[in-house]
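1. what shape does this take:
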Amino acid sequence: MKLHKFLFILFLSAFAISATAQTESQLRRKKEAIQREIEQLQKNLSKTASGKKLTLQQINGINAQIRLRQQKIGTINSEIKNIDNQISQNTNTVHNLQDQLGDLKKEYAAMIRFAQRNRNAYDKMMFIFASKDFNQAYKRIKYLQQFSQYRKKQAGYIETTQQNLNGKIKVLDKTLREKSNLLKEQEREQEKLGKDKNRQSVTLGKLSKQERQFKRDIAQRRKQQKQIDAAISAAIRRAIEEAKRKAAEAARIAAAKAAAEAAKAKAENRPAPAAPAAAKAKTTSEALTATPETARLSAGFENNRGRLPWPVANGTITETFGRHMVDQAPYTNDGVDITTSDGAAVRAVFSGKVLTVQYIQGRGVVIIIHGEYITVYQNLRNVSVSTGSNVETKQTIGVVANTGDDAILKFQIRRGQSPLNPEGWISK
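-> Now for the predicted structure:
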């Protein structure tokens, strides 16, 4: 029973360590990914900081860096919690193994004392010959043999338990060192976060000196974005209207065919086929998924929610989806702004058909339709696809352009005309 208990403890310990190691690996990968984003952002900020003119991209970049730094600290905290759980589990395992080793040593000591009392062959022979009959003598011989074998096994259990105990103590020492290193890393990140916040304060102080120029830049940006958003909405509206027109035409043809069949049946004096139900106007969703192909695309897009690839290989979200306040005035971003490297390739996040390619304010805009879902890629320097062409997932559709001193891709996901938050759809 003690052996079974010992093995059960080892099994639970190994299972817990395996599960924790998986989480630890995930957290480490997440932390490394955040660090790569911070480094990429730092390169862009170092480049733009050399310019005397303050831009909204600089402010967004600093805010994004602070947000990423906070996420990294949060990830380190999760790693520390995992380490604490491992330390607790390993400490309990060490105590259990120490208790197990103590019990095994006590039992072994008792067996050694017994063996000492019966150590010579004469005592063993007397023990056997003192039997009442042959059956009892045979049992005593088997007992002495089994006792000897069990003593050897007990010595093996002690050795194995001692080895496991030593291994667990080494693991415990390692996790304690890892926790110490994580605490130091957390302290360094907190210090860097403080520096980022100081730089944010300096930048905002600089903003007050350049307020007039900054306001003009913001007004110009809003004007341009309003024009681009109107063009995007118009293109999507035309696509929806065209889909509805095709659906209505298909319904009209079906109704005409049914009427012809009914007239023919009447002329031949036979029962007319059942009249089809009156066609109802298609909703946007129904119109955009009217064919099997578009229905499959739409379902595939939706099934990949949270797993869609990024529209660029490397980048950081420097302006999030939704409502923002700049210069005391609200504005809404229908997608996200992704700051990336110069000349970065822009990729389709899912297979679909290019709805339109436009150049607005000298920048390319590509709109791709995936059933009832639509993706928009804005601020491209050049475009490598054309209207009506089919694209595959991760296919390059163009190259991102520089906005000011940064390469920024503006990316949207819509369901019909309704904008969705891309962060809920692309992979973390």
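
2. which stretches of the chain form helices?
-> For the chain, the helices defined by DSSP state H occupy 2-49, 56-117, 121-129, 134-209, 211-267, 284-288, 292-303.

3. mind giving me the packing neighbours of the shortest one?
-> Helices and strands touching helix 284-288, by 3 or more C-beta pairs under 8 Å, 6 or more residues apart in numbering; DSSP states H and E, are helix 211-267. To be clear about C-beta, it is placed using only N, CA and C from the backbone, and glycine gets the same treatment.

4. tell me what the helix it packs on is packed against?
-> Against helix 211-267 (3+ C-beta pairs under 8 Å, 6+ apart) you get helix 56-117, helix 284-288, strand 329-333, strand 352-360, strand 363-370, strand 373-383.

5. for these, give me a markdown table that also has mean pLDDT and distance to R245.
-> Converted to a markdown table, the helices and strands packed on helix 211-267 look like this (pLDDT from 0 to 100; distance: least, C-beta to C-beta, whole Å):
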| stretch | mean pLDDT | distance to R245 |
| --- | --- | --- |
| helix 56-117 | 74 | 41 |
| helix 284-288 | 76 | 9 |
| strand 329-333 | 74 | 30 |
| strand 352-360 | 89 | 15 |
| strand 363-370 | 92 | 15 |
| strand 373-383 | 92 | 18 |
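
6. quick one: the ones you listed as a markdown table, columns for distance to T160 and mean neighbour count too.
-> Listed next are the helices and strands packed on helix 211-267 as a markdown table, based on distance: least, C-beta to C-beta, whole Å; neighbours: other C-beta atoms under 10 Å:
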| stretch | distance to T160 | mean neighbour count |
| --- | --- | --- |
| helix 56-117 | 10 | 17 |
| helix 284-288 | 65 | 19 |
| strand 329-333 | 62 | 12 |
| strand 352-360 | 61 | 19 |
| strand 363-370 | 59 | 23 |
| strand 373-383 | 59 | 22 |
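
7. skip the chain neighbours and tell me the closest residue to L420.
-> Spatial nearest neighbour of L420, excluding adjacent residues (C-beta to C-beta, 6 or more residues apart in numbering): I413 at 4.7 Å.

8. tell me the contacts of the one you found?
-> G335, Y373, I374, T375, V376, P419, L420, N421, P422, W425 (C-beta atoms under 8 Å, 6 or more residues apart in numbering).

9. distance to E249 added to the helices and strands packed on helix 211-267, as a markdown table?
-> Output for the helices and strands packed on helix 211-267, formatted as a markdown table (distance: least, C-beta to C-beta, whole Å):
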| stretch | distance to E249 |
| --- | --- |
| helix 56-117 | 47 |
| helix 284-288 | 11 |
| strand 329-333 | 36 |
| strand 352-360 | 19 |
| strand 363-370 | 19 |
| strand 373-383 | 22 |
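
10. to G315, which of the ones you listed lies closest?
-> helix 56-117 (10.7 Å; C-beta to C-beta).

11. can you tell me which helices and strands the closest one packs against?
-> Against helix 56-117 (3+ C-beta pairs under 8 Å, 6+ apart) you get helix 2-49, helix 134-209, helix 211-267, strand 316-319, strand 336-340, strand 406-415.

12. mean pLDDT for the ones you listed: which is lowest?
-> Among the helices and strands packed on helix 56-117, helix 2-49 carries the lowest mean pLDDT, at a mean of 62.

13. looking at the helices and strands packed on helix 211-267, which is nearest to E187?
-> Minimum separation from E187 across the helices and strands packed on helix 211-267 (C-beta to C-beta) falls at helix 56-117, 9.8 Å.

14. now that closest one, how far from the centre of its chain.
-> Averaging C-alpha positions (C-alpha atoms, centre = their mean, to the nearest Å) puts helix 56-117 25 Å from its chain's average.

15. swap in stretch 401-411?
-> Here stretch 401-411 is found 25 Å from its chain centre; the criterion is C-alpha atoms, centre = their mean.

16. change the start of the numbering to 21 and stick with it
-> Will do, 21 is the new start, and the previous item becomes stretch 421-431.

17. which residues does that stretch contact?
-> Applying C-beta under 8 Å, 6+ apart, the contact partners of stretch 421-431 are 64, 67-68, 71, 75, 77, 81, 331-332, 335, 338, 355-364, 366, 383-384, 395-401, 420, 442.

18. and if you look at stretch 198-212?
-> So stretch 198-212 is contacted by R89, K92, I93, I96, N97, E99, I100, I103, D104, I107 (C-beta under 8 Å, 6+ apart).

19. mind listing what I337 touches?
-> I337 touches A84, V356, D357, I358, T359, E443, counting by C-beta under 8 Å, 6+ apart.

20. give me the number of residues near the fifth one?
-> Applying the criterion other C-beta atoms under 10 Å, we find 27 residues in the vicinity of T359.

21. grab the nearest non-local neighbour of it.
-> T338 (4.5 Å).

22. neighbours of D216, how many?
-> D216 has 21 nearby residues by other C-beta under 10 Å.

23. just give the nearest non-adjacent residue to it, would you?
-> Using C-beta to C-beta, 6+ apart, the closest residue to D216 is I86 (4.9 Å).

24. that neighbour and V332: what is the separation?
-> According to C-beta to C-beta, to the nearest Å, I86 stands 22 Å off from V332.

25. what do you get for K448?
-> According to C-beta to C-beta, K448 stands 15 Å off from V332.

26. quick one, which of the two is more surrounded?
-> Taking neighbours as other C-beta under 10 Å, K448 and V332 compare with V332 leading, 20 against 7.

27. show me the contacts for the more buried one.
-> V332 neighbours (C-beta under 8 Å, 6+ apart): I358, T360, A364, A365, V366, R367, V420, L429.

28. would you turn those into TSV with distance to E44 and neighbour count?
-> Below are the contacts of V332 laid out as TSV (distance: C-beta to C-beta, whole Å; neighbours: other C-beta atoms under 10 Å):
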residue	distance to E44	neighbour count
I358	29	25
T360	30	23
A364	32	18
A365	34	16
V366	35	29
R367	31	19
V420	35	30
L429	33	25
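
29. same list (these) but as CSV, adding distance to K188.
-> Output for the contacts of V332, formatted as CSV (distance: C-beta to C-beta, whole Å):
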residue, distance to K188
I358, 46
T360, 47
A364, 48
A365, 50
V366, 52
R367, 48
V420, 52
L429, 50
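
30. local confidence estimate at D354?
-> For D354, the model assigns a pLDDT of 90.

31. excluding its backbone neighbours, what's nearest it?
-> P439 (4.0 Å).

32. burial of that neighbour, as a residue count?
-> 21.

33. hang on, the earlier thing: farthest pair within the contacts of I337?
-> Farthest apart among those by C-beta to C-beta are T359 and E443. That separation is 14.7 Å.

34. I'd like the contacts of I337 written out as JSON lines, with distance to A259 added.
-> Shown next, in JSON lines, are the contacts of I337 (distance: C-beta to C-beta, whole Å):
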{"residue": "A84", "distance to A259": "33"}
{"residue": "V356", "distance to A259": "22"}
{"residue": "D357", "distance to A259": "24"}
{"residue": "I358", "distance to A259": "24"}
{"residue": "T359", "distance to A259": "30"}
{"residue": "E443", "distance to A259": "25"}
